[in-house]
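Asks: Please work out how this folds:
(one chain, ligands or ions: 1)
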Amino acid sequence: MNLIQGFLEGLRPIPDLTVDEWADQFRYLSSVSSAEPGRWRTDRVPYMREIFRKLSPSDPCQRIVFMKGVQISGTEAALNCVGAYIDIAPSPIMYVMPTVDMAKQLSKKRLFHLINESPTLKDKVIDSNRREGSSTLLEKNFPGGVLFLTGANSASGLRSNPVKVLLLDEVDAYPLSIDDEGSPIRLAEKRTTTFSDKKIFLLSTPTSSGSSVISAELAETDERVYKVPCPHCEHKQELKFENLKWDKGDFASAKYACEGCGAMIEEKHKTQMLLNGEWEPTRPEMSIPLVAGYRINSLYSPLGWMSWEQIAEQFIKDKDDPILLRTFINTVLGEPWEDRGDAPDWENLYARREQYELNKPNNSVELITVGVDIQAGKDSRIELEVVGWCRDKTSYSLDYRTFYGDTATPDGSAWKQLEEVVNEKWYRPDGIELPMMMMAVDSGNHTQTVYNWCRKQPPTKVIPVKGREQQATIISKPSNVDVSFNGKSYGKMKMWNVGVGVAKSELYARLRLTVDDEGKLPSGYCHFPEYPIEFFKGITAEELKHRTHHGFRKLYWEKVYERNEPLDTRVYARAAAAIVGIDRFNDQHWDNLLGRYKVRQSNGSVPVKQEPTKPKRKKSSGFWDGY
Ligand SMILES: [Zn+2]
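Replies: Prediction:
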């Protein structure tokens, strides 16, 4: 039987076209789908040629790992692979996006264009409109094969039929584990085990080093970088961000300093440099047969896509904000962000305490939020921090309070004291009255008591929150929770999930900020009054650790000092500020906020007159802008 099958397969001509040759001959891009319509040209992205060769049916390579910056060509390259296999080596193919919704989007837009704009594909892929039932949005039939599209969030999608070609796109956005079956990547890979000539293509921009799948996968390869020759001295080198130079404030002057001769290379030479580049392994000792790993940053982005000028400008814009800087490093440099696991030194923070009066915000403070932690049990108490926020996210700790008393029932004295904080006001020297704008109350302990107490407060000022370590944003869409107390139901209320891991990472990055070269405090700097030593040990009480989970490194926070309430209360006060909108506020938003505050007339000082203007809002306004 096998002999006959082998004989029959032998009759089928092994297609000798490579993916890049196929794309250069048969792939067309229309003006609808591309800024550069016309025939696909691999020469536009010469660094992709070797990757296309490895992906080609005639090449024995089975596993190709590609970690990249933005504006490099990732999904388009994967689509070339899809097109080539449909056309010249039909087989079962699976394309996995982070979610099923994203897979549908890919199918409706980019895959639709790939099929309809490439004449040889158009006739092969059976049109779902023409032959109902044979093709759907997530399943495309063609002679000799089928293309499945699915999301890494769908275990059933990943468990479908055997596939020979597996494309795993944006893997760093995949969930770590689904339905207790472990990594979606491993689950998808099981589909390929029956094929001895399988192809697995993993591609992504990276995220944090501890949890980045693509960087972990790349670490198992010989990690190739693209070396390009200097137009002046021919020295072949990898383009690195640290060699990009520009005159202060003049991003258009950005040039590349050659590592060989020191000459400044103008970007206009890039096209020629890319054409003459070649991949070179950085760790040849890690070379494994049938596996190839590649990494490339956005400095290589072809002329007309992302320029060196844009990269320089983006860097200056992002460098002082730990969260924006992290995004820059991930998306532009195509490198994982190194999460610093260790906590900032509490000794340093203690040593730099400032002499300012508690509850006396200065004139730069424009928003006050409160983070509340509820402690149950023997030392039952409420702890809270009052935080004053400035326009540039600089913060002033205005007070740290502990209310002792029973927290199990909402009638306890501690809750009464907390209620007073809801209506508290603070005054700046210029007379502006700052109200308590938003209070976030942890609902981890005495959950129903917290809900019940919050229910009686103004919902625009007090919200229950729940910490979620793995959530990637500081706040996510609120969920509706049932409120019931003493057997009585009080209906539903909104509970907000807080990404405590990302908030702690941001706080630690800000606690590490120091005065810059010009003696100025950077934006985001955290000011503290003369609190006792326990506060500073508390706000640095946890460290980020790694552990391996289903073959992947996973990050988690571990207490290194027992009394971590100051860290929790700060995280919740930060979440409250995020809910007010601090992360999407522009100057107009801030001016508006300031314009709404009352001014204390008896103060004697001249009140600041603020003219409220209507801030420009995106169509869907609300708390979710920018998330
Ligand atoms: Zn040179």
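Asks: Poorly predicted segments of the stretch 151-300 of the chain, please.
Replies: Along the stretch 151-300 of the chain, the model assigns pLDDT under 70 to residues 180, 209-211.
Asks: Tell me the residues of it that contact the ion?
Replies: With Cβ under 5 Å from the ion as the criterion, the stretch 151-300 of the chain meets the ion at residues 230, 232-233, 235, 258, 260-261. C-beta: built from backbone N, CA, C; applies to glycine.
Asks: How far does stretch 153-165 sit from its chain's centre?
Replies: Relative to its chain's centre, stretch 153-165 lies at 25 Å (Cα atoms, centre = their mean, to the nearest Å).
Asks: Stretch 282-299 now?
Replies: Remark: stretch 282-299 is offset 24 Å from the chain centroid, using Cα atoms, centre = their mean.
Asks: ditto for stretch 350-357
Replies: Distance, centroid of stretch 350-357 to centroid of chain: 34 Å (Cα atoms, centre = their mean).
Asks: repeat for stretch 139-159
Replies: In terms of Cα atoms, centre = their mean, the centre of stretch 139-159 is found 26 Å from the chain centre.
Asks: same check, this time on stretch 222-241
Replies: Put simply, stretch 222-241 sits 29 Å off its chain's centre (Cα atoms, centre = their mean).
Asks: Turn the residues of the stretch 151-300 of the chain next to the ion into JSON lines, including secondary structure and neighbour count.
Replies: What follows is those, written out as JSON lines (DSSP: H, G, I helix; E, B strand; the rest coil; neighbours: other Cβ atoms under 10 Å):
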{"residue": "C230", "secondary structure": "coil", "neighbour count": "20"}
{"residue": "H232", "secondary structure": "coil", "neighbour count": "14"}
{"residue": "C233", "secondary structure": "coil", "neighbour count": "12"}
{"residue": "H235", "secondary structure": "coil", "neighbour count": "14"}
{"residue": "C258", "secondary structure": "coil", "neighbour count": "19"}
{"residue": "G260", "secondary structure": "coil", "neighbour count": "13"}
{"residue": "C261", "secondary structure": "coil", "neighbour count": "12"}
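Asks: any idea which of those is closest to T221?
Replies: Nearest to T221 among these: H235, at 25.4 Å, using Cβ to Cβ.
Asks: tell me which element the nearest residue to L111 once chain neighbours are set aside falls in.
Replies: Nearest residue to L111, sequence neighbours excluded (Cβ to Cβ, 6 or more residues apart in numbering): L79, at 6.7 Å. Per DSSP states H and E, L79 falls inside helix 75-88.
Asks: For this protein, give me the ranges with low pLDDT.
Replies: Residue ranges of the chain with pLDDT under 70: 1-15, 127-134, 180, 209-211, 339-341, 546-555, 601-627.
Asks: what does it have sitting close to the ion?
Replies: Taking Cβ under 5 Å from the ion as the measure of proximity, the chain contacts the ion at 230, 232-233, 235, 258, 260-261.
Asks: C-terminal to the helix or strand V386 falls within, which secondary structure element comes first?
Replies: If you go by DSSP H and E, V386 is part of strand 381-390. Downstream of strand 381-390, the next assigned helix or strand under DSSP H and E is strand 395-404.
Asks: Report the buried residues of that next one.
Replies: 395-401, 403 (16 or more other Cβ atoms under 10 Å).
Asks: how big is the angle separating it from strand 381-390?
Replies: Angle, strand 395-404 to strand 381-390, by axes from the mean of the first three to the mean of the last three Cα atoms, to 10 degrees: 160 degrees.
Asks: helices and strands around strand 395-404, which ones?
Replies: strand 365-375, strand 381-390, helix 413-422, strand 526-527, helix 565-580 (3 or more Cβ pairs under 8 Å, 6 or more residues apart in numbering; DSSP states H and E).
Asks: Tell me which of those sits nearest to M67.
Replies: Nearest to M67, of those and by Cβ to Cβ, is helix 565-580 at 29.8 Å.
Asks: That closest one to strand 395-404, inter-axis angle?
Replies: Angle of helix 565-580 versus strand 395-404, following the same axes, to 10 degrees, is 120 degrees.
Asks: For helix 565-580, list the C-alpha coordinates in CSV.
Replies: Written as CSV, here are the backbone C-alpha positions of helix 565-580 (Å, rounded to 0.1, in the frame of the first residue of the first chain):
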residue,chain,number,x,y,z
GLU,A,565,-0.5,47.4,51.9
PRO,A,566,1.2,50.6,50.8
LEU,A,567,1.9,48.9,47.5
ASP,A,568,-1.7,47.7,47.0
THR,A,569,-3.2,51.1,48.0
ARG,A,570,-0.9,52.9,45.5
VAL,A,571,-1.8,50.4,42.7
TYR,A,572,-5.5,51.1,43.4
ALA,A,573,-5.1,54.8,43.5
ARG,A,574,-3.3,54.5,40.2
ALA,A,575,-6.2,52.4,38.8
ALA,A,576,-8.6,55.1,40.0
ALA,A,577,-6.6,57.7,38.1
ALA,A,578,-6.7,55.5,35.0
ILE,A,579,-10.5,55.3,35.3
VAL,A,580,-10.8,59.1,35.6
